[in-house]
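In: no sequence for this one, just the structure:
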């Protein structure tokens, strides 16, 4: 008997009804294991929904009427720490990104991304990974290229393979399958890559790259 997939429960927060309809419809048509269990157009509506249901992920727009998505994210972290936060926006400032990284969001996606990338981001965040619109490995490459020769970073052949596969858009599990190793092994390689860069995790990597002007969002 085939094991039934676990449904990922999502609350969608966006003040534009057409955007919510588009995202919900796209996810229904694309992925059978992602379910939008509720929608909200403001902080008030979201926290009212949270009184009666607990989603796995909140897909949260940054620009909202009244209380902003950033303020909502902070309250979610303070009061609902177990819920994953995936920020959604068409455009935002670097200050907003810094604030969100400080809060500890789980990912950031653009409203322009295709539905398959949105579904991939939801799955990644649900599995405990962080997800950003600009691929982490591209940031690593940019940092590597930006280093002076005297500080050049030497990656092993396997680490370079992991970086390349990340650049191809693969997540840890997909990289593990591709290289015929365990997910844990891939995580160790990524940890070593971060260590060589003087960074502890993906969140710090994005913060570092933004702070040093390596990437622009």
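Out: Looks like it arrived, so ask away. Please read these numbers as outputs of a predicted model, since none were measured by experiment.
In: Can you get me a residue count around residue 5?
Out: As a burial measure, residue 5 scores 10 neighbours (other Cβ atoms under 10 Å). (Each C-beta comes from the backbone N, C-alpha and C, glycine too.)
In: for residue 127, that is, sorry about that
Out: Counted by other Cβ under 10 Å, the residues lying close to residue 127 total 14.
In: how near is it to residue 187?
Out: 12 Å (Cβ to Cβ, to the nearest Å).
In: same question, residue 62
Out: Taken as Cβ to Cβ, the span from residue 62 to residue 187 is 29 Å.
In: What ranges does the protein have for its strands?
Out: All strands of the chain, identified by DSSP state E, fall at 8-13, 34-40, 57-61, 84-89, 107-110, 131-132.
In: between those strands, which gets nearest to residue 179?
Out: strand 131-132 (20.6 Å; Cβ to Cβ).
In: Does anything pack onto that closest one? Which helices or strands?
Out: Here strand 131-132 touches strand 107-110, helix 115-126, going by 3 or more Cβ pairs under 8 Å, 6 or more residues apart in numbering; DSSP states H and E.
In: Quick one: closest of these to residue 100.
Out: strand 107-110 (6.9 Å).
In: mind giving me the domain split of the chain?
Out: The record's domain split for the chain, according to automatic domain parsing, is 8-132, 136-211.
In: so which of those domains is the most packed in?
Out: Of all the domains of the chain, domain 8-132 has the most neighbours on average by mean count of other Cβ atoms under 10 Å, namely a mean of 17.
In: leaving aside the residues next to it on the chain, what's closest to residue 138?
Out: With sequence-adjacent residues excluded and distances taken as Cβ to Cβ, 6 or more residues apart in numbering, residue 138 is closest to residue 167, at 6.0 Å.
In: how about CSV for the strands of the chain, with distance to residue 46 and mean pLDDT added?
Out: Below are those laid out as CSV (distance: least, Cβ to Cβ, whole Å; pLDDT from 0 to 100):
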stretch, distance to residue 46, mean pLDDT
strand 8-13, 5, 97
strand 34-40, 4, 96
strand 57-61, 7, 96
strand 84-89, 11, 91
strand 107-110, 18, 85
strand 131-132, 21, 81
